[in-house]
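Q: Could you look at this predicted model? Sequence included:
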Amino acid sequence: MTGRLKSALYARAGRLDAPWAWAIVAALLAALARVRGTARWAVRLGYAQQRRGRLDLARQAYERAASLPDCLLAWRLRLIDLYEAQGELRRADELIAELAARAPEPDAGPEVWEQLGAVRHRTGDRPGAEAAFREALARSATDATVASDARLRLARLLDEVGHWAQARALLDEEVAAHPEHAEAWRLLAQACHHQWRWNGTFEGALAAPDHAVLRPLGEDADDPAAVRAQAHVDACRALEEAVRLAPGQHTWWSSLGDLRREAGYRAGAIEAEQHGLEGALAQDRPSAFRLRHPREFKLERAYHEAGLPRVEDPLFDVDFEVVGDEGTGVDGHASDQPVGLFTARATFYAVRVEGFVLSRDVEVVEVLLDDVVLRRVNVGGEGFFPEVVLVLRRATVDQLPADAELRLRTEQGPLLAHGRGEALRMRVPHGSGELPGLLADGGVLDKKGNVRPPQALARAHQDAYVALYARVRDFFDEHVGTPLFALYGTLLGAYRDGDLIPGDDDFDATYVSAHHDPVAVKREATELMVRLVQAGFTVLFNRRGRLFRVAHDDIGGPDVHVDVAPLWFMDGRAWVHPQLALPATREDFLPVRDLTVRGTTVHVPQRPEVFLEGNYGPGWKHPDPGFVYYRSAVDRQTHRTLNQALLRPSEHRELEERLAGPDARPGMGRLIAIGFHPLYPLNDVALS
């Protein structure tokens, strides 16, 4: 078959766009692939099988092609997407690792270099990814589409590693060449805003953050403050253009609300935040639960700051000011390299302190309020810069001093506030000032941002969690027929210490699903939720739509709950929310074993070490007060798979209708979607 005839067949099948047409093409190509025996014909067969919807046969053809010596890199790359589409994540990872080290053929087109850059980026080889993207750009002089894609990929990479000035230059080129490209305008706004927020840009090799050098914004200018202000103006203009081109992007509108608020444009902030909230509520995705409360907070704060308050919220008046802002870096010397950077902001449920460090040698960061250490936080995440995150929940913020300085320090030195100051002055007009005294008396700020109560009260609170678990455990044993067993921190404390971890304010549990894909697992879980509500339990699910929490009015109400997450097996791994997919088998969990915790029987996995080491690492046997989860440490594909088990708003409404209608029973409990409960007036359910 000549190339012309092959193209004609593809064209005819493509016009018909029907599985039967592609089936005919596939049959012809299968015969020719056997005769020719080259990778090219196997790849053509794989493409035809993909178009007819037979991914299993397409994979066989692509795997055949990959086994032949004449298979080009571009053809091997097709297998990655196919493996991921079929849930063969381990094979995809193996192929990615193999291909990342493979150079394209000398005459490879720019699209192959672009794909190689994406593969290298996924393996963490950022220098290799940068080189591949630049090669793609160099080879794409006559292909505007590939040039645009490569430029955007490279800009995203540079933004990720803090090379915001370089990213901005690339994006300026992109919007000049393609002024209709909304995503390019959004990325340009993001790069400009990063420059403004951190008062500079990083330079240096992409191999590790240790090589990054912070250059203050406008360091050679007569008026550095004007240069910084212009970066914010440019960010606003770019994002205004992005939302003009793509007005349906509600997330962009919310970001524009932030920019307008920072610029003092109050009416514009209200408009943007209104668009952001309406867009979030219109979504039938799990993210709608997560976005409602942050968007409500930002909208009402915009009204408050415009002098048009509609609700009351003390967090509206919390603000921050950089202390020691000389615009030149550490101790006023632009040449000194900071250990890291940090900022803080008020959110709907907390004050959030966040930042990053520039050295892999930094493991712990102390967060101080004036001279009081609030907490020692482990750095983490798998981004380019190791992250630092600490939240101060509303009840903790209420106990802060009305005026204090927030600092972050390490053994190697301090982190800079917004890249230019030694501290952030935090004003909390409603703060009682009790927190320093509570900490001096032995109180502890826990990883969730709450101040632990005195030990006796904390133990009594935990006793309620154990009592509730016993009641839910019995329901599972007697009415579900599958055991409810401890997981995460509850399992860690029960197995390692024979008790709950001091200060823990939750009880994590799971059950093994009868199904092996996330959608079927979700259907099973929703039926179980109905049965629990009918039995008098209150069932809640969080702002991510994750299934589910169980509470009972007889034991503490909604404040005392058992976090239940279904566990299932797929692709040789155990999957369970919020972020875990670890190599394990059913036999590692079932049949369960029994431990005694505070006189109560607690089911645990058959081999607890498998889960504990897979989740916490080899150091699980030793308590780590600074431990904190970083969601960025979980790969995107794992998140995508887990998120298929999240509840959507329409599914929540269907459950509500069932429980109000055909499935209603006397003495029922309640079904509560925390993320759909209005934030205002402020209430315990929305803030839980």
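A: Sure thing, it's come through. Numbering: from 1, shown residues only.

Q: Near T396, how many other residues are there?
A: Using other CB atoms under 10 Å, T396 is surrounded by 20 other residues. Heads up, the C-betas are built off the backbone N, CA and C, glycines and all.

Q: How about the contacts made by it?
A: Taking CB atoms under 8 Å, 6 or more residues apart in numbering, we find T396 in contact with 350, 435, 445, 449-451.

Q: Assign it to helix, strand or coil.
A: What DSSP: H, G, I helix; E, B strand; the rest coil gives for T396 is helix.

Q: Return the subset of the contacts of T396 lying in strands.
A: Using DSSP state E, the members of the contacts of T396 that fall in strands are A350.

Q: So, low pLDDT: which residues of the stretch 201-350 of the chain?
A: Within the stretch 201-350 of the chain, the ranges that satisfy pLDDT under 70 run 325-336.

Q: what's the straight distance from one end of stretch 63-79 to the other?
A: Distance between the two ends of stretch 63-79: 7 Å, counting by CA to CA, to the nearest Å.

Q: And the average pLDDT for that stretch is what?
A: Averaged across stretch 63-79, pLDDT comes to 77.

Q: Pull out the buried residues from it.
A: 63-66, 71-79 (16 or more other CB atoms under 10 Å).

Q: returning to that earlier point: and the contacts of T396 as TSV, adding distance to A263 and neighbour count?
A: Listed next are the contacts of T396 as TSV, based on distance: CB to CB, whole Å; neighbours: other CB atoms under 10 Å:
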residue	distance to A263	neighbour count
A350	25	21
L435	33	24
L445	34	24
G449	30	21
N450	34	18
V451	36	19
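
Q: Show me the two of the contacts of T396 that sit farthest apart.
A: The largest separation in the contacts of T396, counting by CB to CB, is between A350 and L435 at 13.9 Å.

Q: quick revisit: among the buried residues of stretch 63-79, which are in helices?
A: 63-66, 73-79 (DSSP state H).

Q: Which one of those residues is nearest to D258?
A: Set against D258, the nearest of those by CB to CB is L77 (37.5 Å).

Q: can you tell me how far that closest one sits from A118?
A: 9 Å (CB to CB, to the nearest Å).

Q: can you point me to the longest strand in this protein?
A: Max-length strand for the chain by DSSP E is strand 561-570.

Q: Pairing partners for the helix or strand that comes right after it, with directions?
A: Per DSSP states H and E, the first helix or strand lying C-terminal to strand 561-570 is strand 573-576. In the sheet, strand 573-576 lines up against strand 561-570 (antiparallel), strand 580-583 (antiparallel) (DSSP bridges).

Q: for L491, what are its contacts?
A: If you count contacts by CB under 8 Å, 6+ apart, L491 has them with 485, 508, 604-605, 608, 611-612.

Q: can you pull out the strands in the stretch 101-250 of the chain?
A: For the stretch 101-250 of the chain, the strands defined by DSSP state E, counting those that start in this stretch cover 200-203, 213-216.

Q: what comes up buried for the last one?
A: Within strand 213-216, the residues scored as buried using 16+ other CB under 10 Å are 214-216.

Q: Ok, stretch 135-155 next?
A: By neighbour count on 16+ other CB under 10 Å, the buried set for stretch 135-155 is 135-137, 139-140, 146-155.

Q: so which strand or helix has F342?
A: strand 340-346.

Q: Pretty sure D506 sits against G489.
A: Yes: with contact defined as CB atoms under 8 Å, D506 reaches G489; the gap is 7.4 Å.
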